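Q: let's see this in three dimensions:
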Amino acid sequence: GADGRGRVIYAFAALLLVELVSFGIFSSQIGFYHDDWSFLELASQGGDFWGIVKAFNDTKHFPTRPVEIIQFPLFLVLGKFNPLVYQILQLSLETAQGFLFYLLLNRMTGSRKLALAAAALALMCPNRSATHFWFSNSPQAVSLALVLASLLAQLNWLESRKRFWLLLAQAAYLLSVLSYESTAFL
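A: Alright, predicted model coming up:
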């Protein structure tokens, strides 16, 4: 009902605030790193979105991570040479991860407070700065968000046995692994 939606909106807002206070405050001060520049160079060769997709595909560096062939050009078309845009995209992906983690833990534990605290702590985790600031590592964030969505869809399937949820769970998991293989064992 409306009360449940309000709690979900409150949780999302709280996690967004945690992300902004923990890492968003640094976003305007961050630039590009070595791998970022090589991707920006590829983008400058490709032109529009599909040209950049072709440039990434032609490198033959992404056979085990084909989702990156679409994800990086999308980032590059949106961000061009403005590092702040990439930081906003990273913050958005991390907020999505935190929110999906909250939803998953809330479903598994039945405790909104515990789920919110755990998701907030996961977002604040300072020992993974590469995922916070390095856009070349953004496939990790995409992969984690997709695997969390997969786990939520799997829970829906276990409860409803509706084939849609099973197919969605499997598709999100496959896309997750094809974005970055670190989620393969989840």
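Q: report the helix or strand with the lowest average pLDDT across this protein.
A: helix 129-133 (a mean of 70; mean pLDDT, DSSP states H and E).
Q: neighbours of residue 103, just the number please.
A: Residues within reach of residue 103, counting by other Cβ atoms under 10 Å, total 20. To be clear about C-beta, it is placed using only N, CA and C from the backbone, and glycine gets the same treatment.
Q: ok, it to residue 150 distance?
A: Computed with Cβ to Cβ, to the nearest Å, the distance linking residue 103 and residue 150 is 12 Å.
Q: now do residue 95
A: Computed as Cβ to Cβ, the residue 95 to residue 150 distance reads 18 Å.
Q: how about residue 23?
A: Look at residue 23 and residue 150: by Cβ to Cβ, they are 25 Å apart.
Q: same question, residue 110
A: Counting by Cβ to Cβ, the gap between residue 110 and residue 150 amounts to 21 Å.
Q: the more surrounded of the two?
A: Comparing residue 110 with residue 150 by neighbour count (other Cβ under 10 Å), the higher total belongs to residue 150, at 23 against 9.
Q: wait, what's in contact with the more buried one?
A: By Cβ atoms under 8 Å, 6 or more residues apart in numbering, the residues touching residue 150 are 168, 169, 170, 172, 173, 176.
Q: mind listing which of the residues you listed are in strands?
A: The subset of these located in strands under the criterion DSSP state E is empty.
Q: so which of these is surrounded by the most neighbours?
A: If you rank those by neighbour count (other Cβ under 10 Å), residue 176 sits at the top with 26 neighbours.
Q: for the closest residue to it other than its chain neighbours, what is the enclosing helix or strand?
A: Closest residue to residue 176 apart from its sequence neighbours, by Cβ to Cβ, 6 or more residues apart in numbering: residue 146 at 3.6 Å. In this assignment (DSSP states H and E), residue 146 forms part of helix 138-160.
Q: pLDDT of the lengthiest helix in the chain, averaged?
A: Assignment by DSSP state H gives helix 83-109 as the longest helix of the chain. In this model, helix 83-109 carries a mean pLDDT of 94.
Q: quick one: low-confidence parts of this structure?
A: Residue ranges of the chain with pLDDT under 70: 1, 46, 126-129, 131.
Q: quick one: residue 12 and residue 101 touch, right?
A: No. With the criterion set as Cβ atoms under 8 Å, residue 12 and residue 101 do not qualify as a contacting pair; they are 11.9 Å apart.
Q: comparing those two, which residue is more hemmed in?
A: Counting neighbours by other Cβ under 10 Å for residue 12 and for residue 101 shows that residue 101 has the greater number, 23 against 16.
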